[in-house]
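Colleague: Only the shape, not the letters, is given here:
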């Protein structure tokens, strides 16, 4: 595998992981790992009312659903 193929595989794996991360954040009240992540980025767990993580599509054609422009 050359560097380009390794980079492509790494990126695809990262994009696949994004859905899992969103699910973890959306279940932050029960998910201990998500709670740790929130603390790491500086959130006070006692002050969080809600978390709404969304998966942004990687295909440009689908960006219009999220009011993101090219």
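Modeller: Received, thanks. These numbers were taken from a predicted model, which means no experiment stands behind them. Numbers count the residues shown, from 1 in each chain.

Colleague: residues touching residue 28, list them.
Modeller: 34, 35, 38, 48, 51 (CB atoms under 8 Å, 6 or more residues apart in numbering). Bear in mind the C-beta positions are built from the backbone N, C-alpha and C, glycine included.

Colleague: What is the least confident helix or strand in this structure?
Modeller: helix 3-26 (a mean of 77; mean pLDDT, DSSP states H and E).

Colleague: Downstream of that helix, the next helix or strand is which one?
Modeller: Under the assignment DSSP states H and E, the closest C-terminal helix or strand after helix 3-26 is helix 32-40.

Colleague: which parts of that following helix are buried?
Modeller: 34, 35, 38 (16 or more other CB atoms under 10 Å).

Colleague: which one of the residues you listed is nearest residue 5?
Modeller: residue 34 (32.2 Å; CB to CB).

Colleague: any idea how far that closest one lies from residue 20?
Modeller: Residue 34 sits at a distance of 11 Å from residue 20 (criterion: CB to CB, to the nearest Å).

Colleague: where does residue 44 fall, phi/psi-wise?
Modeller: phi -90, psi 120 (degrees, to the nearest 10).

Colleague: State the distance from it to residue 57.
Modeller: 31 Å.

Colleague: quick one: which of those two has more around it?
Modeller: Using other CB atoms under 10 Å as the criterion, residue 44 and residue 57 rank with residue 57 on top: 15 against 8.

Colleague: May I ask which helix or strand encompasses that one?
Modeller: Counting by DSSP H and E, residue 57 is part of no helix or strand.
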